[in-house]
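1. Requesting a structural model of the entry that follows:
(one chain, ligands or ions: 1)
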Amino acid sequence: MLLEHLQAKLDAIAARHLTRTLRAAETPTAPRQTVRGADGVARRQLMFCSNDYLGLAAHPDIAAALAEGAQRWAGGSGASHLISGHTLAHERLEETLAGWYAPHVPHARALSFSTGYMANLAVITALGDAEAEIFSDELNHASLIDGARLARAAVRCYPHADAAALRAALAASTARIKLIVSDGVFSMDGDIAPLPELLTLADEFDAWLVVDDAHGFGVLGEQGRGALEHFGLHSERIVLVGTLGKAAGLCGAFVVAHARIVEYLLQAARPYIFTTASLPAVAHALLASLDLVQGEAGRERRARLQVLQWHLRDGVAALLERHPRLTWRLADSRTPIQPLIVGDNAGVMALAARLDGAGLRVPGIRPPTVPPGQARLRIALCATHGTADVDRLLSGLESAARHLEPA
Ligand SMILES: Cc1ncc(COP(=O)(O)O)c(C=O)c1O
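-> Numbering: from 1, shown residues only. So this is what the prediction gives:
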């Protein structure tokens, strides 16, 4: 019965053009990868899909630090942090991150996690207790939404980046504890949350501001410390979640907040307590990654991303002028996430398939990841792309536009 039941659901997913497929890469994360297609054939592809924005995943210092970490720490941590899995490598990583954010969050303490998904579940479920109300941007990442679903708190969504609507919701709330929750950079849109306004509202309504800066970390700010550095924010009301599997080029995540909040997470957050600590070798390598992010290499790569972003934006704007009957629209983004909104699911998948045929891998993103009718290509740039790579993408889009523009 279960198998028939699931087949019917799979058929319904396929009928809506929402079937997702896995493809295995045969080479490391980089702008050019060899990827095995659904037909089992390996092809060289130019990738515009990874969140490795600084191109650090393939940096030789990271590979060397991982190898050194494996020599020093060998394999798994063996247990959760509170049992025996916590190591000096994790502790150094946490101390370094707490130091990074001390100018932004007074009394900062950091806690490391295996993934950003777990960090978000931990923060939202632990702080969102029955006395709390969560105010969540409608475009927040799935892990924040899932955290809110699991939390005991009341949950209210506010329209995307709409500080006026948030203000009205906060004013109407009688909850003792109020948590404003927002992505720092929105993962499928690339826009930056209006954090200064959100923080002003937090002050006015005695609320706390949880910022998931998965896509701002490493990318925004002079030293790559993300949205807090970008806006020069400073407040003990900030609870920052950062991920280390994107611009940091490895994996893992962290929370930085007032030391008492972090102490409470350590005591009470189930996604922290009931899971094995990450590999100490990874924590060791992350220290090398943080050096790269904040140093000259990071600065150069952030500058390079700006050049690539504008090159792409100018090229797409010119293309859309040449094809006025296309309904495509480039989202207004100042980050390496440059979504090209196509609209319908079948349309975006046809476009992605055409690009794929030309050796260009750009993922089509469909509901429920984005709202219905807003399916898009999520073009993600890395500092290790060249402008010639962006030109190749633009010419792939141009030839697709010629085929797909309505008569
Ligand atoms: C905004 C945002 N938050 C959290 C996560 C989860 O982070 P992780 O991949 O480390 O689980 C992601 C993506 O994966 C994300 O895009």
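
2. quick one: contacts for the closest residue to residue 382 other than its chain neighbours?
-> Ranked by C-beta to C-beta, 6 or more residues apart in numbering and with sequence neighbours excluded, the top spatial neighbour of residue 382 is residue 55, at 4.7 Å. Quick note: C-beta positions are derived from backbone N, CA and C, even for glycine. By C-beta atoms under 8 Å, 6 or more residues apart in numbering, the contact set of residue 55 is 30, 31, 249, 301, 382, 383, 384.

3. Let me see the ranges of the helices in the protein.
-> 2-15, 60-73, 88-101, 116-127, 142-150, 163-172, 195-204, 227-231, 259-268, 270-273, 280-294, 296-322, 345-357, 387-404 (DSSP state H).

4. Show me what whichever residue of the stretch 251-400 of the chain sits closest to the ligand is bridged to.
-> Ranked by C-beta to the nearest ligand atom, the top residue of the stretch 251-400 of the chain for proximity to the ligand is residue 253, at 5.0 Å. For residue 253, the beta-bridge partners under DSSP bridges are residue 113, residue 243.

5. That one contacts residue 118, doesn't it?
-> Yes - with contact defined as C-beta atoms under 8 Å, residue 253 counts as touching residue 118 (7.0 Å).

6. In contact with the closest residue to the ligand within the chain: list those residues for me.
-> In the chain, the residue found nearest to the ligand is residue 116; the distance is 2.4 Å by C-beta to the nearest ligand atom. Contact analysis of residue 116 by C-beta under 8 Å, 6+ apart lists 143, 212, 214, 241, 242, 243, 245, 253.

7. go with 10 Å
-> 141, 143-144, 212-214, 217, 241-246, 251-255 (C-beta atoms under 10 Å, 6 or more residues apart in numbering).

8. got the buried residues for stretch 368-382?
-> 369, 370, 374, 375, 376, 377, 378, 379, 380, 381, 382 (16 or more other C-beta atoms under 10 Å).

9. Actually, stretch 346-362.
-> Under the neighbour-count criterion of 16+ other C-beta under 10 Å, stretch 346-362 has 347, 348, 349, 350, 351, 352, 354, 355, 356, 360, 361, 362 buried.

10. count of residues packed around the nearest residue to residue 228 once chain neighbours are set aside?
-> Spatial nearest neighbour of residue 228, chain neighbours left out: residue 104 (4.3 Å); criterion: C-beta to C-beta, 6+ apart. Neighbour count for residue 104, taken as other C-beta atoms under 10 Å: 22.

11. thought residue 104 was touching residue 238?
-> Yes - the criterion here is C-beta atoms under 10 Å, and residue 104 meets it with residue 238 at 6.7 Å.

12. what do these two both touch?
-> Counting by C-beta under 10 Å, 6+ apart, the residues touching both residue 104 and residue 238 are 228, 256.

13. Now residue 247: closest residue in space that isn't a chain neighbour?
-> Closest to residue 247 by C-beta to C-beta, 6+ apart is residue 218, at 2.6 Å.

14. Next: residue 299.
-> residue 222 (7.3 Å).

15. Next, work out how far apart that neighbour and residue 103 are.
-> In this view, residue 222 and residue 103 are 12 Å apart by C-beta to C-beta, to the nearest Å.
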